[in-house]
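Novice: Give me a model of this one.
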Amino acid sequence: MLAGTPAAGTGGTYQLVFTAHNGVGSDATQNFTLTVREAAAITNFARTLEAGELYREGWAPRVVVLRVRDLGRRGVLSQLNITLPLFFDNQVSALRQMGVPMSAIVEVRETIESTEGEARQIRGYASAHHFHRVIVVTSTYHTRRASRYLLCLAPDVQTIVRATRYEGAEPHDWWQWPVDRIDVLAEYMKWPKALVATFKCGR
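Specialist: A predicted model of the protein is given here:
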């Protein structure tokens, strides 16, 4: 059995050769290809569950939680004398209950409120920690725009954009469901900015 948690910056594909020797006859050898993933990055709760599953399935040895705007961070709850866990705290709680250890949960403290900002943040974090591959977990209707930003703004990081399986989206008949209609229309409204922001990349 080969097991363990890879160190930061060790993502990639490795060719391994195992040799068995028992002193009788010639040695037996077996070739293997080992693929090491590096991190899964998330921003909301359905995506949190997906990242937790990716960790449990062995696709990512750590989960990077990106900060989103939170009422608690803005001081609104404290002004009203209301004490509630921050959204980030709930994300960590869910991941811990899914079996992700605290040592594998990474918080990025800077709050980002756009896909463009998240792409830049992922590039900066991956570069600082020498990550070569990142799985970016997002919503079903957001994958294409997220991919465009990441290809343009983080070209030196191999990003795998994955839609969460826990969102309940219905892409084949999205027009029949109010929540899906809102999500799709919101994506269309955000595409002009994405096209302008990534125009220089020629993608």
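Novice: Give me the secondary structure label for L66.
Specialist: When states are read from DSSP: H, G, I helix; E, B strand; the rest coil, the local structure at L66 comes out as strand.
Novice: That one and T198: what is the separation?
Specialist: In this view, L66 and T198 are 20 Å apart by Cβ to Cβ, to the nearest Å. Any C-beta I mention is one placed from the backbone N, CA and C, and that applies to glycine too.
Novice: So for these two, which sits in the more crowded spot?
Specialist: Set side by side, L66 and T198 show more neighbours around L66, with 24 against 19, by other Cβ atoms under 10 Å.
Novice: what is that one paired to in the beta sheet?
Specialist: L66 has these beta-bridge partners by DSSP bridges: V108.
Novice: Can you give me the separation between N81 and F87?
Specialist: When Cβ to Cβ is applied, the distance between N81 and F87 equals 19 Å.
Novice: When the two are compared, which one has more neighbours?
Specialist: Set side by side, N81 and F87 give different neighbour counts by other Cβ under 10 Å, the larger being at F87 (20 against 6).
Novice: Just give me the longest helix of the chain.
Specialist: Using DSSP state H to define each element, the chain has its longest helix at helix 178-197.
Novice: The closest residue to D183 other than its chain neighbours: how many residues sit nearby?
Specialist: If you skip the residues right next to it in sequence, D183 has Y141 as its closest partner in space, 4.8 Å away by Cβ to Cβ, 6 or more residues apart in numbering. Burial of Y141, expressed as a neighbour count using other Cβ under 10 Å, amounts to 20.
Novice: Only alpha carbons, please: show the longest helix of the chain as CSV.
Specialist: The C-alpha trace of helix 178-197 is given here as CSV (Å, rounded to 0.1, in the frame of the first residue of the first chain):
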residue,chain,number,x,y,z
PRO,A,178,-37.1,29.8,-11.2
VAL,A,179,-33.7,29.4,-9.4
ASP,A,180,-32.0,28.1,-12.6
ARG,A,181,-33.5,30.9,-14.7
ILE,A,182,-32.1,33.5,-12.3
ASP,A,183,-28.6,31.8,-12.4
VAL,A,184,-28.5,31.6,-16.1
LEU,A,185,-29.7,35.1,-16.7
ALA,A,186,-27.1,36.4,-14.1
GLU,A,187,-24.4,34.6,-16.0
TYR,A,188,-25.4,36.2,-19.3
MET,A,189,-25.4,39.6,-17.7
LYS,A,190,-21.8,39.0,-16.4
TRP,A,191,-20.4,37.7,-19.7
PRO,A,192,-19.8,41.2,-21.3
LYS,A,193,-17.4,42.2,-18.5
ALA,A,194,-15.7,38.8,-18.7
LEU,A,195,-15.1,39.2,-22.4
VAL,A,196,-13.7,42.7,-22.0
ALA,A,197,-11.5,41.7,-19.1
